[in-house]
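Student: Quick check, what structure comes out for this input:
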Amino acid sequence: MKERQFFVYMLASQKNGTLYVGVTSDLVRRIWEHKHDLVEGFTKKYRVHELVWFEQHNTAISAITREKQIKKWNRSWKIELIEVENPDWNDLFDGIAV
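Tutor: Numbers count the residues shown, from 1 in each chain. Take a look at the predicted model:
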């Protein structure tokens, strides 16, 4: 039986643009929904569609805890987290949607 994975992710409207932090158990599906404006709310209203950072967790509790932690961070810390692994702010979706 396949072990379930959980993801914390950040979307951006553009480099240094509006940021959104979320959590999901199906990263490809969830990002696809954001990109096609199927998710009502913040990401649709502000056109925040580029996957710029994500990390994998083995439990929902750890992913939710991490999401809440990052949401409390100031903007510069979030930008630093993105730029450590993705300095050009590339959209990582194509690399995960296999």
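
Student: Helices of this protein, residue ranges please.
Tutor: Taking DSSP state H as the criterion, the chain carries its helices at 27-35, 42-45, 60-72, 75-85, 93-96.

Student: name the helices or strands packed onto the first one?
Tutor: Read that as helix 27-35. On a contact count with 3 or more Cβ pairs under 8 Å, 6 or more residues apart in numbering; DSSP states H and E, helix 27-35 meets strand 6-12, helix 93-96. Just so you know, the C-beta spots here come from the backbone N, C-alpha and C atoms, and that holds for glycine as well.

Student: you'd agree Q14 is up against H49?
Tutor: No: between Q14 and H49 there is no contact under Cβ atoms under 8 Å: 9.6 Å.

Student: Settle it for me: which of the two has more neighbours?
Tutor: Between Q14 and H49, counted using other Cβ atoms under 10 Å, H49 has the larger neighbour count: 19 against 12.

Student: Quick check, pLDDT for the nearest residue to the more buried one once chain neighbours are set aside.
Tutor: The spatial neighbour of H49 that comes closest, neighbours along the chain excluded (Cβ to Cβ, 6 or more residues apart in numbering), is K35 at 4.8 Å. In this model, K35 is scored at 96, pLDDT.

Student: I'm done for today, thanks for sticking with me.
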